[in-house]
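Trainee: I need the structure of the sequence given here:
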Amino acid sequence: MANWTPNNSAAANSGSLQVWFDANNTDGYVTESSTTTDDDYGAANNISRINNLGTTGYYLERQGSGYPTLRTGSLSGKNGFKFGNKAGSWGSTIMQSNNSGISTITSNSNRLVLGVMSNIFVDARGATYKGLWGSGDFSSMKAFSLFVDTNSDIDTPIMGFGFTLDAATTNNLIADPSPGNKAIISMENKSSNAQNLFFNTANVKSATRTLNTTISSNPAGFKLGSSEYVNDSSDYVLHELLVYSVADSGTGADGFRNTVEGYLAHKWGITDLLPSDHPYKSAAPQIGGGGDTPTFGDDEGEERNINPAGAPDGPTINRFSAVNTNYGKTGGVEQVPFTLQQPGSFSLKRRASAYKVTRGDSNE
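Mentor: Numbering: from 1, shown residues only. Predicted structure coming up:
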């Protein structure tokens, strides 16, 4: 089995991945030969373009004069997009979509956003609000976004819906002083007007907001380093961001949010942020295993991954091309396929304890 990745066609909801920014994928950005020197981080190459690796097919370009920079090896040896530059005086580095194609996610539909960020400054540097990302029609406030609030030392992520703010209920979630903090911050919208905010997998805020469902003719888009609430106060490093046109479903290892959290935590070396009871605390989700395909237990309670090809240490004696009509068939597909196998070296001797029935693959 292979590790679960968003762009694997066999991965759950791969066709619903509308937005995907990945700072560690060289196809995900374009750098300039020019550099910007940040007082805290030093010099780094400027980023002139960030490509969307998702299904909506557009890219981000600079909204103003400032460049974000590529910070190599900034989290577990992997890259990040640094927004906001402190170089003498604090500067804005907003990147915005080059067209309104992303407007397909601005209506009140199911949506799941998951991101990995680090070095989020939560002091008053630059402004009291620091936008992380925003999506929608900013001119008419038909938008949603995520930012952090530094007022009164709150230091929490906040959901924004057209200037209506829903802050996490627990103070000081984001470690200060920075740089050095790291977080998995997720946000969910359901078509039932229910929203949820997650910080390191914990639900820190639930809200009910009716989102605008009519998309105006005004420019729409996606912003990084900003939000619909504020345009120039970002100061953080973004490593990866995924936006799905689905809401969460299932529980435990079958929960889609759990799957993506497990993928992000293991990819970026931040499994310490997962709680001890997270289904992917110890191992990353797999294609054909945890995260997409269920497992079955044997009589002794041992969990086994489904293996359509049979047990690896013994040959397939026979795979039935038809099954007894007592089990039934639908559209010519076996309803109860099975394979008779013998583990160990091949032998057709009568060994009643050696033969066993294993189930076929999960698609049959």
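
Trainee: Can you give me the distance of the residue nearest to Ala2 when sequence neighbours are not counted to Asn52?
Mentor: Among residues not flanking Ala2 along the chain, Ile287 sits closest, at 4.9 Å (C-beta to C-beta, 6 or more residues apart in numbering). For the C-beta atoms, the positions are set from N, CA and C on the backbone; glycine is no exception. Ile287 sits 23 Å away from Asn52, going by C-beta to C-beta, to the nearest Å.

Trainee: ok, back up a step: for the residue nearest to Ala2, what are its contacts?
Mentor: Met1, Ala2, Asn3, Trp4, Thr5, Asn8, Ala10, Ala11, Thr293 (C-beta atoms under 8 Å, 6 or more residues apart in numbering).

Trainee: Phe121: which of those residues is nearest?
Mentor: Ranked by distance to Phe121 (C-beta to C-beta), the contacts of Ile287 are led by Thr5 at 30.7 Å.

Trainee: and that closest one, what pLDDT?
Mentor: Note on Thr5: pLDDT of 94.

Trainee: On the three-state scheme, Ala247 is what?
Mentor: coil (DSSP: H, G, I helix; E, B strand; the rest coil).

Trainee: What sits closest to it if chain neighbours are left out?
Mentor: The shortest distance from Ala247 to any non-neighbouring residue, by C-beta to C-beta, 6+ apart, is to Asn110 (4.0 Å).

Trainee: In contact with that neighbour, which residues?
Mentor: Asn189, Lys190, Ser191, Ser245, Val246, Ala247.

Trainee: Please identify which two of the residues you listed are farthest apart in space.
Mentor: So, those by C-beta to C-beta: farthest apart are Lys190 and Ser245, at 11.9 Å.

Trainee: pLDDT below threshold where in the stretch 251-364 of the chain?
Mentor: 288-364 (pLDDT under 70).

Trainee: and with 50 instead?
Mentor: 290, 293-355, 357-364 (pLDDT under 50).

Trainee: Leaving out sequence neighbours, find the closest residue to Lys281.
Mentor: In space, and not counting its chain neighbours, Lys281 is closest to Leu274: 4.8 Å by C-beta to C-beta, 6+ apart.

Trainee: For stretch 79-94, which residues meet the burial criterion?
Mentor: 79-86, 90-94 (16 or more other C-beta atoms under 10 Å).

Trainee: quick one: which of those sit in strands?
Mentor: Counted as lying in strands by DSSP state E, out of the buried residues of stretch 79-94, are Asn79, Gly80, Phe81, Lys82, Phe83, Asn85, Lys86, Trp90, Gly91.

Trainee: Please list all residues in contact with the residue nearest to the fifth one when sequence neighbours are not counted.
Mentor: If I follow you right, that is Phe83. Computed as C-beta to C-beta, 6+ apart, the closest residue to Phe83 that is not its neighbour in sequence is Gly225, at 3.5 Å. Residues counted as contacts of Gly225 (C-beta under 8 Å, 6+ apart) are Pro68, Phe83, Gly84, Ser92, Thr93, Ile94, Met95, Gly131, Leu132, Trp133, Ser234.
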